[in-house]
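J.: Just a sequence and a predicted model for now, questions to come.
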Amino acid sequence: MESCRVAAEVMPGHEVDSKKVRWEELLPREFRARQEQTPIVYLPLGLCEPHGHVAAFGLDTFKAVWLCEQAASRLGGIVAPTQGYQIHETGYHRPWLKEVIGETNPNLGSVPPDVLLRMLLLQLRAFVNAGFRVAVILTGHHGNQADLRIVAEEVMQVRPIRIVTVSDPELARGAFDGDHAGRYEISQLLFIRPDLVDLTRVGDIDTSPLGRFAQGEDAAEASTEYGRAILEYSLDELERQIHAALPYEDAIDPLGIDETDEIWQRILARKGEWRTLSERNPDLAHES
């Protein structure tokens, strides 16, 4: 697959360091060089939530960050700072959480939908004003992406920024079946951060006072090789979706705070569409 890099001359002394892709790690000259070459920004979103006794709480975040950093290394662009907070205790998420956790404290990094969605709007405003032409919103916590797309749609109505919004199970759909803390998810973390997985704890589901703690029934079947296959397939699909969003505009006007507030009012007016407030799970099964 061809690269979507911008054909731009990099000034002497402003060479792009392909090994550094994180916004927070870049020096100003490095940031400008990467952005001038490829004005794409990636926003990985995760959630600190239970993934059974075998895996770290931040599994969702690690998946999203890995995919974004690999895409930035392959295609160019810059990875924005991530967060381990997401929507979880509303709508269909609430009964699912009760089912897999019970009365145990889930140690959950959950925030209400309006907080997360307004934060995303302000993040997109920051991307527009920083000079990016394409934004990739990749959530490792599946189920909330429809609401994230509402925010993206409203921003694209007023500015010609291209926004790709996707969850990681959507990238693998058709080739791999998603799950929560089962073979699908645990395998990915085994590949990305094997030090954060301990499959010897699979049996704790029967002995721990925490109970199931959201662990998948087939977690013991997780493997590094399966995780690699999922992630490589997902990365190829992400690249395809980014290419499909091109070409991008040469310039985009800044987005003021007053106009951003107007966009937020339009998002609030679509509250009846928010999936995170619905009692019906659109996938009929919780993933991520």
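T.: Nice, thanks for sending it over. Numbering: from 1, shown residues only.

J.: What segments of this protein are strands?
T.: Secondary structure of the chain (DSSP state E): strands at 40-45, 78-79, 134-139, 162-167.

J.: of the ones you listed, which approaches residue 116 most closely?
T.: strand 40-45 (8.6 Å; Cβ to Cβ). In this view, the C-beta of every residue, glycine as well, is placed from N, C-alpha and C.

J.: returning to what we had before: could you export the strands of the chain as a markdown table, including mean neighbour count and distance to residue 209?
T.: Below are the strands of the chain laid out as a markdown table (neighbours: other Cβ atoms under 10 Å; distance: least, Cβ to Cβ, whole Å):
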| stretch | mean neighbour count | distance to residue 209 |
| --- | --- | --- |
| strand 40-45 | 28 | 31 |
| strand 78-79 | 26 | 39 |
| strand 134-139 | 26 | 31 |
| strand 162-167 | 21 | 32 |
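
J.: Between these, which one is closest to residue 189.
T.: Closest of these to residue 189 is strand 40-45, at 14.5 Å (criterion: Cβ to Cβ).

J.: Mind giving me the packing neighbours of that closest one?
T.: Other elements packing on strand 40-45 under the criterion 3 or more Cβ pairs under 8 Å, 6 or more residues apart in numbering; DSSP states H and E are helix 59-75, strand 78-79, helix 113-130, strand 134-139.

J.: Show residues contacting that strand.
T.: For strand 40-45, the external contacting residues (Cβ atoms under 8 Å, 6 or more residues apart in numbering) are 4, 23, 61, 64-65, 67-69, 71-72, 75-80, 82-83, 86, 123, 127, 130, 132-141, 148, 242.

J.: from those, which would you call buried?
T.: Among these, those buried by neighbour count (16 or more other Cβ atoms under 10 Å) are 4, 23, 61, 64-65, 67-68, 71-72, 75-80, 82-83, 86, 123, 127, 132-141, 148, 242.

J.: mind putting the helices and strands packed on strand 40-45 in a markdown table, distance to residue 259 included?
T.: Converted to a markdown table, the helices and strands packed on strand 40-45 look like this (distance: least, Cβ to Cβ, whole Å):
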| stretch | distance to residue 259 |
| --- | --- |
| helix 59-75 | 28 |
| strand 78-79 | 24 |
| helix 113-130 | 9 |
| strand 134-139 | 17 |
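
J.: Now the strands of the chain in a markdown table, please, with extra columns for mean pLDDT.
T.: Below are the strands of the chain laid out as a markdown table (pLDDT from 0 to 100):
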| stretch | mean pLDDT |
| --- | --- |
| strand 40-45 | 98 |
| strand 78-79 | 98 |
| strand 134-139 | 98 |
| strand 162-167 | 98 |
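
J.: Of all the ones you listed, which one comes closest to residue 28?
T.: strand 78-79 (12.3 Å).

J.: helices or strands up against the closest one?
T.: Using 3+ Cβ pairs under 8 Å, 6+ apart: strand 78-79 touches helix 28-37, strand 40-45, helix 59-75.
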